[in-house]
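Participant: Sequence plus predicted model, see below.
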Amino acid sequence: MTQKTICIIAGQRAGTNALQRAIEATGAVVNFGEIFHTHPQGVDGPSRIFRDFARENGIGIADTMERGGATAAAKKYMTWLKEAAQPKHILIDVKFNSWLALTPTWKFPFEEPFFMRYLKDHEATTFILIWRENLAEQVLSDLISNEIRVWHNIGAEHIAGNKFEAPIQRVKWLAKLVCRTEMEMRHHLLGHANRIVIRYEDLFQDGVLTDHFKIDFKKLLGLDFPDGSLGYIRPNTADKREIVTNYDEAIAAIEEIAAKYRSPNAV
Amino acid sequence: MVQRIICIIAGQRAGTTALQSAIEATGAAVNYGEIFHTDPLKVPKPESMFLNFARNNNIGIADIMVADKATAIIDSYLNMLEADARPKHVLVDVKFNSWSILSPAWRYHSREPFFFQCLKQSEAVFLFIWRENLAEQMLSDFIYRQVGVLHNLDEDTIAGRKFEAPIQQLKWLAIHICRSEAYMYNYLQSCPAKIIIKYENLFHEGVLTDRFKTAFNEFVKVTFPDGPLGDIRPNTINKRDVVPNYDEAAAVIAEIAAEHRWVYR
């Protein structure tokens, strides 16, 4: 089997952990999670994050300022992952706000990220871009997680009577950044044959992956998913209205941003 | 005199080398040039370029990934420049396509550049230069890349050679320059100490304009010497003679500029 790379691209709170688990459950893939995370959680086994790799291999910022050096670092890192996953495919997750972690000099701010270009040119990579139509739920979910420091399976017990007011300006700022990055990433994936661009709302239904996604995934990677749920990741059951005192105001602010910065012509 | 960091922000071929020379000629600033350049031959003080600082201090890419550490590294670098230049001001030049280099993880690419944020906290003075004639700017860059001569281009340097401009590549580059201009301009709005000036208003017949000198003196009190800008002279070649498809290239670039300039989406 030729080893392939599967790269999930999304903002925070777009179902990527559940998707990682589901893909891992095919048995044909090793999941390395958010490789550019600085403090990863929920990934089994020894750390394979880029930061630890860079430390162990003494990769200096000066080494990656030149394009050739950055390419060599990316290649060495991906080889390390592939060796660890052998003979399985590798699964990585790069969040919208992590693509700059490996960037040489001479890169315009809105250019295709260096690491994405590397994955396209040097690895057999299938990209899965997830965006969430209900941006308000996504942004507020992120806000709540950061507030209570719990990221998955959030239930009433985690909330425990906590209430807080969403900072509207910050929420708008974050929503704008997510929208802008979505547009850029969609644009960068245009023309790349091995890609799935899917809404979060079309990815899962009642806690399981949709046939819509499974069919697209099989077409590109030839892998079947086992039946059943997504392992330990369940949809959060906490009611955001109970937690965010100005929920309606926050929702209205985010929807306004989404209407302005998300364009249906992007793909 | 309160020491300041003066940061030039521009695309390539926007008169920044001549401006560096002019500011340096006041005797009030030490010019470090393009601090993020990777070629030591292209900067006035190679020992002070960030690349060498990073090498000498064994700065790992893993260190930059954490915002607190990245801030400390940048502070340390700026402190080094300030100590070296003291009591003079520190003059640096960061091109549009160099701002992403020191980005920690968890940074959206459309956010304010991290290094820019640090400079703002250091109360730097920003000089933002854009060139209205984008076609001349870009074709100048194109010719430079063909002949490998950066300044004072003349007919002897060209030696009768002609270079066809790659239209698709120029379109791509024009979009990125325009978007970068708008992006940096947007984030400059919150800076009190800034000069935003067209290249065409920066120089007149090879010398700095009074308009720029007056604006500069509002933030940094210096006396600019009279006369031309040191060794840097305007290039004297006619680009139409060098680029056979000059008109086509200029038209394409003008079209991009009309669509993308100053539009920060």
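Facilitator: That came through, no problem. Numbers count the residues shown, from 1 in each chain, chains lettered A, B, ... in the order given.

Participant: for the stretch 101-250 of chain B, which spans come out with low pLDDT?
Facilitator: B:228-234 (pLDDT under 70).

Participant: For the stretch 101-250 of chain B, what lies in contact range of chain A?
Facilitator: With CB under 8 Å from any CB of the partner chain as the criterion, the stretch 101-250 of chain B meets chain A at residues B:101-111, B:113, B:176-177, B:179-180, B:183. For the C-beta atoms, the positions are set from N, CA and C on the backbone; glycine is no exception.

Participant: Among those, which ones are in helices?
Facilitator: Judged by DSSP state H, the subset of these located in helices is B:176-177, B:179-180, B:183.

Participant: Could you dump the residues you listed into CSV and include neighbour count?
Facilitator: Formatted as CSV, the entries for those read as follows, by neighbours: other CB atoms under 10 Å in any protein chain shown:
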residue, neighbour count
B:His176, 20
B:Ile177, 29
B:Arg179, 21
B:Ser180, 22
B:Tyr183, 22
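
Participant: May I see those arranged in JSON lines, with distance to A:Arg117 as well?
Facilitator: Conversion of those to JSON lines gives the following (distance: CB to CB, whole Å):
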{"residue": "B:His176", "distance to A:Arg117": "14"}
{"residue": "B:Ile177", "distance to A:Arg117": "19"}
{"residue": "B:Arg179", "distance to A:Arg117": "18"}
{"residue": "B:Ser180", "distance to A:Arg117": "18"}
{"residue": "B:Tyr183", "distance to A:Arg117": "20"}
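
Participant: And the residues you listed, which is closest to B:Ile237?
Facilitator: The shortest approach to B:Ile237 among those belongs to B:Ile177, at 21.5 Å (CB to CB).

Participant: ok now the helix or strand harbouring B:Trp172, how far from the chain's centre?
Facilitator: With elements taken from DSSP states H and E, the one containing B:Trp172 is helix B:167-188. Centroid separation between helix B:167-188 and its chain, computed with CA atoms, centre = their mean, to the nearest Å, is 13 Å.

Participant: now stretch B:100-114
Facilitator: Between the mean C-alpha location of stretch B:100-114 and the chain-wide mean there is a distance of 19 Å, by CA atoms, centre = their mean.

Participant: which residues make contact with it from outside it?
Facilitator: Taking CB atoms under 8 Å, 6 or more residues apart in numbering or on different chains as the criterion, the residues outside stretch B:100-114 that touch it are A:36-38, A:51, A:61, A:65, A:96-101, A:103-105, A:107, A:109-110, A:113, A:177-178, A:180-181, A:184, B:36, B:50, B:64-67, B:69-70, B:73-74, B:99, B:115, B:183, B:187.

Participant: ok, now how distant is A:Arg241 from B:Ala22?
Facilitator: For A:Arg241, the distance to B:Ala22 (CB to CB, to the nearest Å) stands at 61 Å.

Participant: By proximity to chain A, which residue of the stretch 151-265 of chain B wins?
Facilitator: Taking CB to the nearest CB as the measure, the stretch 151-265 of chain B has B:His176 as its residue closest to chain A, at 4.0 Å.

Participant: looking at chain A, which residue lies furthest from center?
Facilitator: The centre of chain A is farthest from one residue, A:Gly161, which by CA atoms, centre = their mean lies 29.9 Å away.

Participant: what's the spacing between that residue and chain B?
Facilitator: When CB to the nearest CB, to the nearest Å is applied, the distance between A:Gly161 and chain B equals 30 Å.

Participant: Can you verify that residue is assigned to a strand?
Facilitator: No - applying DSSP: H, G, I helix; E, B strand; the rest coil, one finds A:Gly161 to be coil, outside a strand.

Participant: any idea how far A:Ile148 is from it?
Facilitator: In terms of CB to CB, A:Gly161 sits 11 Å off from A:Ile148.

Participant: Show me which residues of the stretch 51-200 of chain A are close to chain B?
Facilitator: Contact residues, the stretch 51-200 of chain A versus chain B (CB under 8 Å from any CB): A:51-52, A:54-55, A:58-66, A:73, A:96-111, A:113, A:177-178, A:180-181, A:183-184.

Participant: Tell me which of those fall in helices.
Facilitator: A:51-52, A:54-55, A:61-64, A:73, A:177-178, A:180-181, A:183-184.

Participant: Those, buried ones only, as a PyMOL selection?
Facilitator: Here the buried members of those are turned into a PyMOL selection, burial being counted by 16 or more other CB atoms under 10 Å in any protein chain shown:
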select buried, chain A and resi 51+54+61+62+63+64+73+177+178+180+181+183+184
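
Participant: Now for the ones in helices among the residues of the stretch 51-200 of chain A next to chain B: which two are most distant?
Facilitator: Taking CB to CB as the measure, those have their most distant pair in A:Arg55 and A:Met183, spaced 34.0 Å apart.
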